[in-house]
Structure formats: structure tokens, C-alpha cells
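Novice: what's the 3D shape of this:
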Amino acid sequence: MASSTRTSSLLLNNHKSNHFISSLNSKKPSLFHYFPSLSSQNSLSSLSSLSSSLSLSSSPSPSTSSTITRVSTAPLEYAPPAPDSNNFQQEISRLKTLRLKLSTSKTLKQKVKVLNSDSKVKHFLNPKGFERVLGSLGLGLNELFLVKCLVAAGQDHVLDMGFGETEGDGVRSSVKTALYALVEMIEKWDVNNGGSGGREGFAKSQNGSVLVDEESEDLKKLLKILGEIEEFYDCIGGIIGYQIMVLELLAQSSLEMQTTNHSQLVHESMECQFLEIHPPTGCDLSQNTEYASQAALWGIKGLPDLGEIYPLGGSADRLGLVDPDTGECLPAAMLPYCGRTLLEGLIRDLQAREFLYFKLYGKQCITPVAIMTSSAKNNHEHITSLCESLGWFGRGRSSFQLFEQPLVPAVSAEDGQWLVRKPFVPVCKPGGHGVIWKLAYDKGIFQWFYDHERKGATVRQVSNVVAATDVTLLALAGIGLHHGKKLGFASCKRNSGATEGINVLIEKKDLDGKWAYGLSCVEYTEFDKLGITSGPPSPDSLQAEFPANTNILYVDLPSAELVGSTRSERSLPGIVLNTKKSIVYTDYFGNWHSVPGGRLECTMQNIADNFLNTFSSRCYKDVEDKLDTFIVYNDRRRVTSSAKKKRKHVDMSLHQTPDGSLLDIMRNAYDLLSQCDIDLPEVEGNDKYVVSGPPFLIFLHPALGPLWEVTRQKFCGGSISKGSELQIEVAEFLWRNVQLEGSMIIAAENIMGSTRNDENCEPILQHGHRCGRCKLHNVKVLNDGIDWSSGDNVYWKHDVCRFEALKVLLHGNSEFEANNVTIQGNHVFEVPDGYRLKITSGDPGLAVQLEPIPQNRMDTGSWFWKYNINGSHILLEMVEL
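Specialist: The predicted model follows:
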């Protein structure tokens, strides 16, 4: 008798409590699937219901319940057909032949006919009659096509039919026999009851199927997933092509493990005679500050030509973000970080650049934003709901396009079989951010950008909280626009041991003898192929020479569209199958599984591989200047610091955690304000943070700059003592000789302007119109501030306990001024809309003067900063009215 882990059985008691308990082959996670009995209320079904819900009566009379037909099965050993690890090529060959036949079939009927002739589909449907089982589900022709594609790809175990052929003689299994008996009984009922079904405990659908709710929904979701795979991966052959690619990458991985000649394999995969990678050269923005300033001005001036692209579809499993009220898993975009979600942080950065454009050119500019979402963790619904709740950030619904990437099945690293949670529910995850180019073409995103008169776009990920610091993003876009480049990377020094890719200069000699050059990226999962060690780099190691890939990109939209529109593998750049990490999931009963595996992923930055420039002879120097791709560098903490994974309480490492990125924000604040002649403590190493937290908390709204050259002209002199807290949420701001010891929070409702309803009755932010304003001159702020000993403090959320604080709340169009005064203790100053509040020294205490803003200055305020371009720099001038 086969082992219990490989048996399927039907346990029948009576017509109200029959259950089916099934277990997959031992290579797959064990699934003991519980099914409730059929009832008149449960009128939906799936393939699972046909194989599991066998509480059947043979009598056609609806009033008789004493006669029960019982169907049982003998134990069955079942192993889903899967390619042996040494036989990948045979399966690949079979699937390629099938793909070719399908590609030459002009109609859906012809494609189904081709599938019916496939050996695996024949095996699945044999003997005659099982086609009627599928037919009883009421599937349309396209749905039948998808199911048969799944079977032809060798993944019929996803359907969990619980049957197969016995080895050797091809005799039908007991379970399969039971299924056909079920079909025959359904047919008899249909005849005896006029097609209406008539037995108590059964409900017939319009197509004659016996249906069960839960499994029917699972089947519908499966068909939706299969349909999306078939449609999106049409460039490689749909479902069949997806599985071919999986097996090819697994075979390649197996071959790499057996060979030491990695270079030959790379040459063969790249179809070239010769290939080398070199560290790329580019402008270092931290060193060449004059050029950096000029490039940033190009970026500001070119803002009306730019769009913004956010790939937010990732599942962000390492972050472990959970809704504290519902327990629901949440996507990274919803992480509460420094007082707002990560997505809100992206929009704040963008609005700050738009505000800078307004201050320089006096024009309103609203950048169109395309956001790629997914259904993982209800990502699409959460992001849509957040945008709606915040009124689309005062930008209008028409300035956003959300497009959803398909989920793809995770596969076992052993044999390429799809992993499943329960019948009809494969383990699925987003297919990597590299799908963004083809998906953007398929969903009309490029045309949408063109309708907004955009030529290029900046791309950044939601978890990187420092990408827009100072000149980095503006200079990247500026160089790309000004020099007509197709793709640009923002890069920096690579952290030791970081799980991040590298940027490289590719040099290769094609088979036709021409030399090709271009900047690209190598993911850390692919280091072994190029002979790069994947551990922490030593000073003389190969990977120490290369800069970090940060996924901050400038892209020329027509060039990207050309790649996304190709009906070939080129539209899916950087396809990888990373099986170095286990797939972790829970099954139907909450059992936890960790299986070596992966899923087909694309990498968006590898679109660069389509932009290589060719030369007739080898180039030995200065080739970067001639390329369509480019790279810029900056200090690492001004380029990348990510909140990607949850920090464990005992973990001393802060790398890629919210805590680590917060420290980098504090280091940037130190770099900025220390150049303003403000005395403040340095930020020490990460180990100090683990013990005692940060030395201070400073949060400055990006509209104060966002270029540091602009921000520095608003701050001058004074000090911020250790343990202090400073939050400035207002753009029109002046700090002159302010000494802070404690907490000071200044927050305006109208940070950059006020909103007005447009012709569609949507609130649109009007830059510079009725802003809040604040001036501090010769002010000393003394209070007990944050309770640093509180165990409830979560610094990276900016969720802290305070003893005392100075809070200034600016409602609507209001102003606050403090001159030559010491403000000690706990104070809250709320300034009503349309008023100006002045604080000076009194005798004793404070002198407070509240007065209305004159009507003729209501829109502009009593003062404002005027921005002027002087060469490659921006100079500020205070204008008092």
C-alpha cells in the first residue's frame, strides 16, 4: 500500500456530511483539503467539487433520502507528471513544439484542437468522457483553452483532481472511476428531472453543473490568473512559454553548477564572441558641484517634459507590514514612515520639485504619475483607496494612472512544478518590476504620457526614502533631457555585503564582428555567472570596483516604448529565476511551508541591454560619452537608503531597515544644517542607535529646497542640542540665529499653497497661493522635549512621547513671527486663517500680538521668498510687502 502522504481517499458517511481528504505527491506541500457537503444554498462549483463532494443519492425522487449510493476508492499513489532534473531538455523540446503549433493556429478552436492532441492533455482527459466533466463546469472555449494550457504545461496538479493513471497498464484509477460515475449520475438526474436537478441537497446551475461556492471562486481566480499570464506573456508564448522559460533557466542553473567555464556560458547566452564588464565612469555630483548645479537646473527647467513612474507592485514580504486593526498584510507603499505613508513621501518629494519650478518660472506644473500596482496583498485596492482618501494629493485624478501587473506562479527549484496552497490556488507573486515596460505599452501608459506632452520620466521605488535628496534626481533627469539620452542611472558606492546589484559598462564583440558598448546592471543573484563572489566584497575583489544599482532611473519614453512594444523576449528585460531563497507560504490549514523555489522575474533597469551602441572597432577609452546610456554618482546616503525589511529586535544590523534609513535622513540633515553655521551633534554609528536611539530628530519638508542650495539660504546660525526635535512643515520659512534645546514643531495646512476646485470639482493645489509663513529671528527655544527613555518611541515612524514642546500650527493663510525672544516650556500657538501672530519678549514673559493680514496681501502674504537664477545657481531674495 502506498504511504499515507501519497494517498487519496473518499470518506463517505451520509449525504449531509461527506468530505474529501486529498494529499498531493510528497514532493509538493501536503494539502488535506476539507470540503463541506453540498446543499441547496451552495450552488457554485469547481473541478474540486467534482472530485471531492461525492455525497450522492441514486434516487431521482426529491422526497426520498433513505437510498444512498456510496462511492469509495482504494488507496492511490499519485505523482504529478514533472520533468526529471536530468530531463529538462526533453520537456523543453516538447513544449517548444507545442508552442510552435499554437502560434501557427489562427483561431481559438484550432488552438484547442492542438492542445487536445498533446500527450499530457490526452493523458489528463483519457478515457473518453472526462471532457464532459470539464463541460459540466460551464467553461467557455477560452477558459477550456486556459485549463488545457495548464495541463499541457505539466501543471495539472494545480487542479488537484486527485487522480492519475496507474503505472504500466494505463488502467483508470479508482478516483477517476468515481468521477466518471459521478458524471453519469448527474446525467441521469438531468434526464429524470428535466435538466433541473431534483435531489435534495443539490442545486443545478444553468449549464447543468453541480456547484460549490468557495471552490467556484477559487476556480474563477485561477482562470483570471491563467488568462493574465496567457495575455501578458504572449510575447514568449503565454502559459506554455512561461513554463519553457522556467525550465530553461532551471536547466541553465543546473548546467552552471556542473561547469567551471562560466565565461563560455555567458558568451553563449549573450550570443557574442567576447564579453567583458568594466566599472562605469560618470559625473560625481558630490565632487563636480558646479556641473551638478547646472544639471539640476536642466532638470527643473525640463519638469514640464517629465513624467514620474513608480513600480509599487512588489509584495514586500521582508517588511512584514500588517494592519494593526485587521491583521491584514499590507504592501510597502502603506508603511507609516516619518508621520506618513511611503507613497505620500514620494508625492511630497515630487510636489517640492514642482514648487521649485513655480518659484523660478511662475508657472504651475503638475507632473503625470504612473503607478504600477498588483493584486498582491490587495496592493491595487490599498493604493487606490489611499489616493482617494487624500483627494489625489491635490493633483486631480486625471494626473494619475494606476496599472496592475499580473501575478505569476512560484515554482519548485527541483522540478519546475508550480507550488500550490490548495486546489486551484497556486502560490503567486508579482513578476518583478521589469514587466513595467511591456505592461505600460499594453495599458496605454506611454500614449497617456504623450497626451500630457511628456518626453521622459524619472523612475524610483517606494522603499528608497532618500532618492530625491538635494541634486540627485533633478541632475539625473536634467542630463538625460539635455543630452537626449535613452536611459540614465543614479548610483553610489556599494555597501559591503548588500543584497543589491551593480552597474556595469558592458563591452562585447558580437557574432558579426562589431563591438557593442552600454551601461547596464547585473543583479546580485547573477554574480556567480560572471565569476563575482556574492559575499561581502574584499577591497581587492571584483565586485568592490563596481557601484551599486539603486533602481533610480531616467528613461526616454519613446525609447522605452519601442522596447515594450516588441513582440519578443526583449520586452521582458533581465529575466531571472532566483531560486536562492525559499518560497514561504501557508496551506489551506495554516501549515507553514518553506520550499526552495522562485518565480520568473524581470528587472526594469535591464532595459538598458536594449540600448547598446555598436562600433566597427574596439573603443579603448572615453566610450561613455558616446553612449545612449549614462550614469551619475553621489554620496550613498543622498542616493539610496531603503526601508525594505523589518528589523528584528535583537538584530544589530540596520541595513535596508526603516531604522537604518532614518539614520541616513538624520545624517543628511546634519550635512545640510552644519553648512548653515548651525551647531549640532554628529550622528554616530548604527551601533549607537541600537543602544540609545538617534542624537536628534530633524524632519524638514522637501519644499524648503529641495535643492540644498535653496534650503541653506533659509537657515543661518544658531544651534540644535543633542536630544532635540525639529519638524518644519512650511516652505516659506526663515531661521536666523535660533537656539533649540527641546522640541519645536512648526506645521502649516497650506505648506506650498491652497487648493481650488477645477472644472471637474476636484481640489487642485495652487502653488504660492495663500501659503503659511514663519519667521524666527534671534529665538531661543527651551523645553523638556522628547521622553527619550520611553519604550513606546518608534523613531522611524516619528511616533514619540514628549514631556514638552513648542508647537506652531498655521491654519490656512496665516503667519507666525518670533523675534528676540526666549520661549520656554510647553506652548501651542495656533494661528487662525488670515491672521499674523507676532511673539516678542514681554515684561515679564511673552508679548503676543495677533492681527489680521491686510486684504490686499491675503493671497501673497506680507512677505515671500523670490527665487532668481544666477548662472548655474539659485539665489533667494526676501520680498516684504
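
Novice: Ile309: what's it in contact with?
Specialist: Counting by C-beta atoms under 8 Å, 6 or more residues apart in numbering, Ile309 touches 369-372, 436, 440, 457-459, 555. All C-beta atoms are positioned from the backbone trio N, CA, C, and that covers glycine.

Novice: Then Glu817?
Specialist: 774-777, 836-839.

Novice: 6 Å - rerun?
Specialist: When contacts are counted by C-beta atoms under 6 Å, 6 or more residues apart in numbering, Glu817 is found next to 775, 838.

Novice: And what about it, helix, strand or coil?
Specialist: What DSSP: H, G, I helix; E, B strand; the rest coil gives for Glu817 is strand.

Novice: bridging residues for it?
Specialist: Per DSSP bridges, the residues bridged to Glu817 are Lys775, Lys838.

Novice: Any figure for the gap between it and Glu729?
Specialist: Using C-beta to C-beta, to the nearest Å, we find Glu817 at a distance of 17 Å from Glu729.

Novice: and which of the contacts of Ile309 is nearest Val828?
Specialist: Val828 lies nearest to Val369 out of the contacts of Ile309, by C-beta to C-beta, at 35.5 Å.

Novice: and that closest one, what are its bridge partners?
Specialist: Bridge pairing for Val369 - DSSP bridges - gives Glu308, Phe400.

Novice: per-residue confidence at it?
Specialist: Val369 is assigned 98 on the pLDDT scale.

Novice: ok, now how distant is it from Val808?
Specialist: Distance from Val369 to Val808, by C-beta to C-beta: 31 Å.

Novice: Who has more neighbours out of the two?
Specialist: Val808 (26 against 21; other C-beta atoms under 10 Å).

Novice: pretty sure that one contacts Phe829?
Specialist: Yes: Val808 lies in contact with Phe829 (C-beta atoms under 6 Å); the separation is 4.9 Å.

Novice: for the stretch 151-300 of the chain, what are the low-confidence residue spans?
Specialist: 161-212, 255-271 (pLDDT under 70).

Novice: Please apply the same query to the stretch 401-550 of the chain.
Specialist: The low-confidence ranges in the stretch 401-550 of the chain, as defined by pLDDT under 70, are 497-498, 530-544.

Novice: change it to 90
Specialist: Applying pLDDT under 90 to the stretch 401-550 of the chain flags the ranges 422-423, 494-500, 510-512, 523-545.

Novice: now swap in the stretch 651-800 of the chain and tell me
Specialist: 651-656, 685-692, 758-761.

Novice: 80 - rerun?
Specialist: 651-652 (pLDDT under 80).

Novice: Strands of that one, start to end?
Specialist: Ranges of strands in the stretch 651-800 of the chain, per DSSP state E, counting those that start in this stretch, are 697-700, 715-720, 725-729, 732-741, 743-748, 753-757, 763-767, 773-782.

Novice: Quick one: closest of those to Trp515.
Specialist: strand 697-700 (47.9 Å).

Novice: That closest one pairs with which strands, and in what direction?
Specialist: strand 725-729 (parallel).

Novice: what angle sits between the strand it pairs with and strand 773-782?
Specialist: 170 degrees (axes from the mean of the first three to the mean of the last three C-alpha atoms, to 10 degrees).

Novice: The helix or strand Glu830 falls within - contacts with which helices or strands?
Specialist: Element membership for Glu830 (DSSP states H and E) is strand 827-831. Strand 827-831 sits against strand 806-810, with contacts defined as 3 or more C-beta pairs under 6 Å, 6 or more residues apart in numbering; DSSP states H and E.

Novice: let's see 7 Å
Specialist: On a contact count with 3 or more C-beta pairs under 7 Å, 6 or more residues apart in numbering; DSSP states H and E, strand 827-831 meets strand 806-810, strand 815-824.

Novice: centre of the chain versus that strand, how much separation?
Specialist: 40 Å (C-alpha atoms, centre = their mean, to the nearest Å).

Novice: And Phe449, how far from Pro558?
Specialist: 10 Å.

Novice: neighbour count winner among the two?
Specialist: Phe449 (25 against 13).

Novice: Enumerate every residue touching that one.
Specialist: For Phe449, the contact set (C-beta atoms under 7 Å, 6 or more residues apart in numbering) comprises 307, 368, 457, 557.

Novice: intersection of neighbour lists for Val808 and Phe829?
Specialist: Joint contacts of Val808 and Phe829 (C-beta under 7 Å, 6+ apart) are Phe816.

Novice: Chain neighbours aside, what residue packs nearest to Ile236?
Specialist: Glu569 (5.6 Å; C-beta to C-beta, 6 or more residues apart in numbering).

Novice: give me phi/psi at the one you found?
Specialist: In terms of degrees, to the nearest 10, the main-chain angles of Glu569 are phi -60, psi -20.

Novice: Confirm for me that Ser463 is in contact with Ser642.
Specialist: Yes: counting by C-beta atoms under 7 Å, Ser642 is a contact partner of Ser463 at 4.5 Å.

Novice: one step back: return the most buried member of the helices and strands packed on strand 827-831.
Specialist: strand 806-810 (a mean of 22; mean count of other C-beta atoms under 10 Å).

Novice: Which residues does it contact?
Specialist: Taking C-beta under 7 Å, 6+ apart as the rule, strand 806-810 contacts 730, 743-749, 772, 774, 781, 783, 816, 823, 827-831.

Novice: How are the helices of the stretch 101-250 of the chain distributed by residue range?
Specialist: Ranges of helices in the stretch 101-250 of the chain, per DSSP state H, counting those that start in this stretch, are 108-116, 119-125, 130-135, 141-152, 174-192, 213-232, 238-257.

Novice: same check, this time on the stretch 251-400 of the chain
Specialist: With DSSP H, counting those that start in this stretch as the criterion, the stretch 251-400 of the chain has helices spanning 262-270, 289-301, 342-361, 379-389.

Novice: most neighbours per residue, which of those helices?
Specialist: helix 342-361 (a mean of 22).

Novice: what's in contact with that helix?
Specialist: Contacts for helix 342-361 (C-beta under 7 Å, 6+ apart): 300, 303, 308, 310, 332-333, 335, 337, 364-367, 383, 386, 393, 462-463, 465, 468, 474, 643, 702-703, 705-706, 731, 752, 767-768, 867, 869.

Novice: quick revisit: just the buried ones out of the contacts of Ile309, please.
Specialist: Buried by 16 or more other C-beta atoms under 10 Å: 369-372, 436, 440, 457-459, 555, out of the contacts of Ile309.

Novice: What is the nearest of these to Lys109?
Specialist: Relative to Lys109, and with distances defined as C-beta to C-beta, the nearest of those is Ala440, at 32.5 Å.
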